[in-house]
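Q: Using only what follows, build the 3D model:
(3 chains)
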Amino acid sequence: MFLPRLVKRSFGQSWCLQGVRWLLALLLFGVTAVAFAADFDAAVQSLNGENFTVKEASIGDVVDTGHERSSTVLESMLNGLLYYRKSDGRMVIVAPVEQGYQVQDAASGEDLGVLGKRKVRKIAINNALRTSLRNALARLSLSSTERDVRYAAVQEMLGTMNKDSRALLEDRLAMETDERVRDLLGTALALYKLDSQDRDVRLQAVQDLDGSIIPQVRNRLVGLLASENDAEINRVLKQVLGSIDARLQLYSLAETAFFGLSLGSVLLLAAIGLAITFGVMGVINMAHGELIMLGAYTTYLVQSALPGHVELSLLVAVPAAFMVSGAFGIAIERGVIRFLYGRPLETLLATFGISLILQQLVRSTISAQNVTVSNPNWMSGSLHINEAFSLTYNRIYILIFSLVVFFALLAILKKTSLGLQVRAVSQNRPMAKAMGIRSEWVDAMTFGLGSGIAGIAGVALSQLTNVGPNMGQSYIIDSFMVVVFGGVGNLWGTMVGAMSLGVANKILEPWSGAVLAKILVLVFIILFIQKRPRGLFPQQGRAAEH
Amino acid sequence: MKVLDRTREVMRRDRVFDFMMPKVVFSPDLDTRHGPILYLEGVTVSFDGFKALNDLTLYINNGELRCVIGANGAGKTTMMDVITGKTRPDAGSVYFGQKIDLLRMSETDIAQGGIGRKFQKPTVFEFHTVYENLELSMAANKQVWHTLFARLNGEQRDRIDRILELVGLVEERHRLAGVLSHGQKQWLEIGMLLMQNPRVLLVDEPVAGMTVQETERTAELLTSLAGEHSVVVVEHDMEFVRSIARTVTVLHEGSVLAEGSMDEVQNDPRVIEVYLGE
Amino acid sequence: MLLAKLYQQDRGGSFLLMALLLAAVLVPVLNLWVPESSPLHLSTYTVTLLGKYLCYALLAMALDLVWGYCGILSLGHGAFFALGGYAMGMYLMRAIGDRGVYGNPELPDFMVFLSWQEVPWYWNGFDMFWFALLMVVLAPGILAFVFGWFAFRARVTGVYLSIMTQALTFALMLAFFRNEMGFGGNNGLTDFKDILGFDLQADSTRIGLFLVSVLVLALAYLACRYIINSKLGRVVVAIRDAEDRARFVGYKVESFKLWLFVFSAVLAGIAGALYVPQVGIINPGEFAPLNSIEMVIWVAVGGRGTLYGAAAGALLVNYGKTYFTAAFPEIWLFALGALFVLVTVFLPRGIIGLMRRGKDRQS
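A: Modelled structure (predicted):
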């Protein structure tokens, strides 16, 4: 009982002291800055007090200085990285390296070089200290000027609410202006009230927590349901839990749908090029996956050529990958496939051979290992909608990107003369030939277009998955399934096929596991082809018969 | 809803349960007492909105030789597809004799049941000899196990020899079918049909690409087949049709435009309008 | 009498059978009775390698039966091979008894490692050799039947069917990689000790397995040849060349395809079962789509639609693989890839086709 009281004292002190200091700082900025630093230095030094009581007090002092490094120092202490130098007693923060420790001055952050392990000693802490360190850190972050830091700090405290944190949060609530943080503060305080002896307070708290989807809240409420004796509260509890669960379910459904669409967008990118080559020429290009891989490696090479310009390199990589994969595609068509028209099975084998060569080519010239492709900043992180639902940016962008590629391709096929010729050849080759369309040229261009799009897909995939020589292999089967499912020769079918297979996969995954989900989808497609051999959106009419 | 439909389908009183249907292997006892051997009634087939067959009603009499003519896209080939089970119509009924509903039978069963078909493009087994082609087509037990141990007996050899003579391919019996001339392939295909012992022969453009002599011989062959078999010939060559036809049916836009003897049909104003334009 | 007739009809096949007979005599002699110091001595390593090639030859023949004669390009025969192999591997696993690393008399090592309490139900019976043999036939057979029943009834043909079979083996690979499947996960089944009481490491056992492989290959060849020469074989080729015609002549195309496919899958399973005791391991890698498609190239190199050509192609390509992967590991995939392209573009009928053409030109 002794320690908590101490902690509380230091908390109380801190608020007024800090207030005074800020005032002073405003008035006499220059002078105080120096004094400030000196204060902080002293406080840090005293963290190495002779007993835990002294250390405890010093933690409060460190917080009170409001120095920008206070949280760094306290965090290091909490993580057992705060040491002092035996020679002069300087407090230091260490990072283990091979020869000993990389040491930096705790108060100033100045680099002090590498020291042997014997030259420094750790600052000992105990559990009570850990608690006060955590509280101190929470307090520091609660008063941060960054909204997200404050939010995270409250979040941190949700699970471990006690009297002290309650006081802390109530203080904060009084001055907090941000709506989201206020809400969360309210939730935290309501959580605390659940422990109240007073029945009405508890009832009110339960009602306050209605609709909250924060995981800790639900856990606490479930726990309360087991121990609560009051019938009225129990009734409300069940109601509240029911509505929470309903909301959670809704969000998890939305999340599944999003993941499904995200997977679908990847499938769409991978399959759409195949849909063109297969739809128009009836040729299945087993090297399609490798053309995707080439696109991803192009991204890697462009990034290596433009170090430090991640955004720019990505922008350059899209057309570059299109050109590279497209060129390879045209080479494959002119070099091999055109000798094999009318023999689809042989084409399949030959292009498979090409895929082996391309894989080995990358292994020999670049590396057999995976390479790292960096993401631009705006691609990392996630769009936080609420506690139960957030969307990662890279997936959102790739979803958008895939749609852009899809509609661009659709436009090419609908609006350009190449598109017109491609459609003509795909519907009736001899007739198109008779009309004076150079079907050979159209074949080469179509193949180039499909391959180029595979390259673009590679750029997108390089932002999502590992880039390695084998990355293409995993896409060929999936892509083909998408094309078959959607219906050959119909881009909309490919789109719907990709998205529905993606969503189906993600819906199945939670209760069957990823592998089984894949197998189930596969079985489903086999059965589906039973019923509709031409896919979801078949090409109809007499032309399709032959 | 689907279950309901299915149940209704099963409970229909005008139908015999599938499993109680007689298994048709050969058709000597095919019920043709009322005359026609093939009944097509109200058959409609549409592809993507385009009606290839539009409420087509057509009867083929037992033992008759019927020519079906019509412009491209009139629905001649689709009609054959429907009869042989390749295409399922959206509406209508197709009966073989009085009792056998062809719409409920698979292509194989229809073929084994006695309806033979020659394709527009001659289709033979190119990597088999002429003799083997005929052997494979012969009416026999065509189950997997049976074919594994099947041996030709004397009677069957005689039958093959007879057909070889009939279609004039005795000399070519041991040549690969793939190296035959176009006309020979057509005959071989007709020979293959005959080996099946069919009641109805559907012959799609038998004289396309044939010389004048070949055409004459084909005409002879087909006329000689009528009587024992019912023969339906689809042809563009009017000269040829005139030479063999007793009854001619004109198809237009998926339904029957006119029917009668060649002369009647040729003088029918509607036919003239369709064929010669306004 | 019969052999003479066979020789007249089928020169290539007789050659294959003679070669097998020769190997069956020479290999044991050179391995067991020629002293090791002699340059003519055949090491047990080589015997095992040859045995492995024979299994591949059998597999290639099975594939040729469906591809060469019926036009079904299966890219999933590796799955049937592996299933047969696993069935045999399970017997060999049970035969280890308590000599495993953990010394558990009931459970194979990997189950002890996963701290399973008892053998899963589908491992029951595999301690009996006859049961394992039955499974060698049934497991691939039933899989092929179920898959084929759906695929052929739906008239899935050509590249569609090929990709479906590839997806099938891919799915199985994913499944077998999982530990929960109870087939040893990633590592598969290995560390076998003996088969029917014969020590698997002993030279005599190796020779025995080699001889069994020779015998099975010869019998399988004769069986396939019988099928191809029967009316069934002619129907199958007819289906390959003109599927619609065959259907309108009255053959139930899907049944013919189905049974041929099942028979071929069973042969592949037997090949797998012979393969596992000789190489001493079976793991999910055998299901990899690459393996299955490699088999196709053996057949293509040898010349499809000849049976013996497929066997010859398997021997040749695998010898090449052994040589290349040892001498120039970097080059192997280039060589294999180039082989795919060159054979399909320039040698559609394989080496046998080339030889035949040469002979035709002479005469």
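Q: Quick check: residues of the stretch 201-350 of chain A near chain C?
A: For the stretch 201-350 of chain A, the residues in contact with chain C (Cβ under 8 Å from any Cβ of the partner chain) are A:284, A:336, A:339-340, A:343-350. All C-beta atoms are positioned from the backbone trio N, CA, C, and that covers glycine.
Q: In helices, which of these appear?
A: Counting by DSSP state H, those place A:344-350 in helices.
Q: of those residues, closest to chain B?
A: Distance ranking of those against chain B, using Cβ to the nearest Cβ, places A:Leu345 first at 16.5 Å.
Q: got the ones in helices among the residues of the stretch 201-350 of chain A next to chain C as CSV, with neighbour count and distance to C:Ser204 columns?
A: Putting these into CSV (neighbours: other Cβ atoms under 10 Å in any protein chain shown; distance: Cβ to Cβ, whole Å) gives the following:
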residue, neighbour count, distance to C:Ser204
A:Pro344, 18, 49
A:Leu345, 21, 44
A:Glu346, 21, 45
A:Thr347, 25, 48
A:Leu348, 25, 44
A:Leu349, 25, 41
A:Ala350, 29, 45
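Q: Switch those over to CSV; also include distance to A:Arg247.
A: Rendered in CSV, the data for these read as follows (distance: Cβ to Cβ, whole Å):
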residue, distance to A:Arg247
A:Pro344, 52
A:Leu345, 53
A:Glu346, 57
A:Thr347, 53
A:Leu348, 50
A:Leu349, 54
A:Ala350, 55
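Q: Name the nearest of those relative to A:Gly308.
A: Looking at these and their distance to A:Gly308, the nearest is A:Ala350, at 42.0 Å (Cβ to Cβ).
Q: What are the neighbouring residues in contact with that closest one?
A: If you count contacts by Cβ atoms under 8 Å, 6 or more residues apart in numbering or on different chains, A:Ala350 has them with A:336-337, A:340, C:340-341, C:344-345.
Q: Chain A contacts on the stretch 151-300 of chain C?
A: By the criterion of Cβ under 8 Å from any Cβ, the positions of the stretch 151-300 of chain C lying close to chain A are C:151, C:153-156, C:158-160, C:162-164, C:166-168, C:170-171, C:174-175, C:177-178, C:289-290, C:293, C:296-297, C:300.
Q: Pull out the buried residues from those residues.
A: If you count burial by 16 or more other Cβ atoms under 10 Å in any protein chain shown, the buried members of those come out as C:151, C:154-156, C:159-160, C:162-164, C:166-168, C:170-171, C:174-175, C:177-178, C:289-290, C:293, C:296-297, C:300.
Q: What residues sit buried inside stretch A:212-225?
A: Of the residues in stretch A:212-225, those buried by neighbour count under the rule 16+ other Cβ under 10 Å are A:212-214, A:216-218, A:220-221, A:224.
Q: What of stretch A:97-113?
A: Neighbour-count burial for stretch A:97-113, with 16+ other Cβ under 10 Å as criterion, is recorded at A:100-107, A:112.
Q: And for stretch A:439-457?
A: Applying 16+ other Cβ under 10 Å to stretch A:439-457 flags A:439, A:442-457 as buried.
Q: rewinding a little: and which of the buried residues of stretch A:212-225 is nearest to A:Glu290?
A: Checking the buried residues of stretch A:212-225 against A:Glu290 by Cβ to Cβ gives A:Ile213 as the nearest, at 44.3 Å.
Q: At the contact with chain C, which residues of the stretch 101-250 of chain B appear?
A: Close to chain C, as judged by Cβ under 8 Å from any Cβ, the stretch 101-250 of chain B has residues B:106-108, B:111-112, B:116-117, B:119, B:123-128, B:132, B:135-137, B:139, B:142-144, B:147-150, B:192, B:196.
Q: Can you select the buried ones from the residues you listed in PyMOL?
A: Restricted to buried positions by 16+ other Cβ under 10 Å, the PyMOL selection for those reads:
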select buried, chain B and resi 107+108+111+112+116+117+119+123+124+125+126+127+128+132+135+136+137+139+142+144+147+150+192+196
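Q: Of the residues of the stretch 101-250 of chain B next to chain C, which belong to helices?
A: Here DSSP H is the test, and those give B:107-108, B:111-112, B:132, B:135-137, B:144, B:147-149, B:192 as lying in helices.
Q: where does the residue of the stretch 101-250 of chain B found nearest chain A land in three-state SS?
A: Closest residue of the stretch 101-250 of chain B to chain A, Cβ to the nearest Cβ: B:Lys121 (9.8 Å). Assigned state for B:Lys121: coil (three-state reduction, DSSP: H, G, I helix; E, B strand; the rest coil).
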